[in-house]
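> Give the three-dimensional model of this entry:
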Amino acid sequence: MHHSIEIEHLSFTYPDGHPALRDVSLSIQPGEKVALVGPNGAGKSTLILHLNGILRGQGRVRVCGLEVADGSLGRLRAMVGLVFQSPEDQLFSPTVFDDVAYGPLYQGLPFQEVQARVADALASVRMQAYAQRVSHHLSAGEKKRIAIATVLSMKPEVLVLDEPTAGLDPRARRSLIELLHDLPLTMLVSTHDMLLVHELLPRMVILDEGQVVADGLTSILMEDGQLLEAHGLEKPYTRIRTKKGLTG
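I've put the predicted structure just below:
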């Protein structure tokens, strides 16, 4: 059985000479939900953009056994559902239906199949009633769900999310975590939200200065305060503490 994601000795340097990735190797099994964490500038976004060929570095990248190469980009971009940090980068059509239908229509699928995929994708994110709404009139949490639906309509095998909880209020954030928990997909989540990592993602990969510095069970790595501090991370508060004198 193939790994869902297999990266071997991947390095990438931007045109200005800045090395963003340095000999990164990483494999993710089918069905795993994995956090990619680290400080700003660690290379997280650079890494995930290699998974569907938006960026191409030195080394090997395979998704579901398929090599990232010129001849495979069309299939790869259907297999890897990439959800950007800002939903505005993915929502540009007159209605929610049009946004979610865009990928399957671009694939040349019959309209009846497109309609079925849109319905399934919206049901997966619990937004069935929003098909004829205007995306730009929705709340941040609703836009995030629709952005996820736009990639689910392509029936991906891997879901990759960049800062999925950024800009969400507590209720929308909680709702999104529950949604992601229920999706039966291999998942790689780049995030600074350590409580999201704690609640949703059993495995954590720490990236810093373009290198993997730790890879293991979230429950174990979260207890290593020295490791987290060394790489600009904090252990999340899992309980809300009430100040004395503010209640009663």
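> Could you list the single helix or strand in the chain with the lowest mean pLDDT?
Of all the helices and strands that make up the chain, helix 73-79 has the lowest average by mean pLDDT, DSSP states H and E, namely a mean of 84.
> Beyond it, next helix or strand please.
For helix 73-79, the following helix or strand on the C-terminal side (DSSP states H and E) is strand 80-83.
> Run through who's touching that following strand.
With contact meaning CB atoms under 8 Å, 6 or more residues apart in numbering, strand 80-83 is reached by 48-49, 51-52, 63, 90, 144, 147-148, 151-152, 154, 156-162, 164, 185. No exception for glycine: its C-beta is placed from N, CA and C like everyone else's.
> so of those, which ones are in helices?
The helices in this structure, assigned by DSSP state H, contain 48, 144, 147-148, 151-152 from the contacts of strand 80-83.
> Once you drop chain neighbours, what's closest to Val118?
Leaving aside its chain neighbours, Val118 sits nearest to Val100 (4.7 Å; criterion: CB to CB, 6 or more residues apart in numbering).
> Just say helix, strand or coil for the one you found.
Secondary structure, DSSP: H, G, I helix; E, B strand; the rest coil: Val100 is helix.
> hang on, it packs against Ser153?
Yes. Look at Val100 against Ser153 with CB atoms under 8 Å: they come within range, at 5.0 Å.
> where do the contact lists of those two overlap?
With CB under 8 Å, 6+ apart as the test, Val100 and Ser153 both reach 117-118, 121.
> Need those residues in JSON lines (columns: distance to Ser72, pLDDT and neighbour count).
Shown next, in JSON lines, are the shared contacts of Val100 and Ser153 (distance: CB to CB, whole Å; pLDDT from 0 to 100; neighbours: other CB atoms under 10 Å):
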{"residue": "Arg117", "distance to Ser72": "22", "pLDDT": "96", "neighbour count": "22"}
{"residue": "Val118", "distance to Ser72": "26", "pLDDT": "96", "neighbour count": "26"}
{"residue": "Ala121", "distance to Ser72": "24", "pLDDT": "95", "neighbour count": "24"}
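> Reformat these as CSV; add distance to His136 and secondary structure.
Shown next, in CSV, are the shared contacts of Val100 and Ser153 (distance: CB to CB, whole Å; DSSP: H, G, I helix; E, B strand; the rest coil):
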residue, distance to His136, secondary structure
Arg117, 22, helix
Val118, 18, helix
Ala121, 19, helix
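> Considering the residues you listed, which is situated nearest to Gln29?
Taking CB to CB as the measure, Gln29 sits nearest to Ala121 out of the shared contacts of Val100 and Ser153, at 24.6 Å.
> contacting residues around the closest one?
Ala121 touches 100, 149-150, 152-153, counting by CB under 8 Å, 6+ apart.
> Most neighbours of all those, which one?
Counting neighbours by other CB atoms under 10 Å, Val100 comes out on top of the contacts of Ala121 with 32 neighbours.
> and that one, what does it touch?
Val100 touches 117-118, 121-122, 131, 146, 149-150, 153, counting by CB under 8 Å, 6+ apart.
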